[in-house]
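> I'll drop the sequence and a predicted model, then ask my questions.
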Amino acid sequence: MNTIEFRRQPDPDASRDIVTVFIDGRSLIDLIAHYERPHAEAAGRPSAAGHYVGLDIAKVVPPSRLLLGEVDGWYCCHPGIVTLLTCTCGELGCGSVNCFIA
């Protein structure tokens, strides 16, 4: 069985805290970077692999119901579809990693 954790961490590029997803003790960013690396290298942009940041902690801590799949208009625009990571620019839709919560 897999485990999922949501860890509070400092944002390396800003003076705020973020929430990063870990699966079986490994950062979701690292897992995605591992998958993306060959594709990014083939495109001549190896540094683009895993170029994500976690979510602003203010958006996901209780009483937020975001991680339950409820629409909030920012990280969740459709019922059950939730943004877990954003591009390092912080703009939703610019390389966001989304998931479906059933």
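Alright, I've got the coordinates. Residues are numbered from 1 along each chain as shown.
> ranges for the helices of the protein?
28-42, 57-60 (DSSP state H).
> what comes up buried for stretch 34-43?
By neighbour count, with 16 or more other CB atoms under 10 Å as the criterion, the buried positions of stretch 34-43 are 36, 40. Using the backbone N, CA and C atoms, a C-beta is placed for each residue, glycine as well.
> Quickly list what residue 26 is bridged to.
Bridge pairing for residue 26 (DSSP bridges) gives the partners residue 23.
> what about the strands in this protein?
Listed in chain order, the strands found in the chain under DSSP state E are 4-10, 17-23, 26-27, 52-53, 55-56, 81-87, 97-100.
> Using TSV, please lay out these together with mean neighbour count and distance to residue 62.
Shown next, in TSV, are those (neighbours: other CB atoms under 10 Å; distance: least, CB to CB, whole Å):
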stretch	mean neighbour count	distance to residue 62
strand 4-10	12	12
strand 17-23	18	12
strand 26-27	16	23
strand 52-53	20	21
strand 55-56	20	14
strand 81-87	20	16
strand 97-100	14	20
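> and the gap between the nearest residue to residue 51 once chain neighbours are set aside and residue 80?
Nearest non-adjacent residue to residue 51, counting by CB to CB, 6 or more residues apart in numbering: residue 88, 5.6 Å away. Computed as CB to CB, to the nearest Å, the residue 88 to residue 80 distance reads 26 Å.
> Can you name the residues that contact residue 37?
Counting by CB atoms under 8 Å, 6 or more residues apart in numbering, residue 37 makes contact with 46, 49-50.
> Neighbours of residue 62, how many?
By other CB atoms under 10 Å, 6 other residues sit near residue 62.
> How far off centre is the helix or strand of the chain with the lowest mean pLDDT?
Between all helices and strands in the chain, the lowest mean by mean pLDDT, DSSP states H and E belongs to helix 57-60, at a mean of 78. Centroid separation for helix 57-60 versus its chain: 12 Å, with CA atoms, centre = their mean, to the nearest Å.
> just stretch 34-43 next, same as before
18 Å.
> Residue 22 contacts residue 2, correct?
No: taking CB atoms under 8 Å as the definition, residue 22 is not a contact partner of residue 2, at 10.6 Å.
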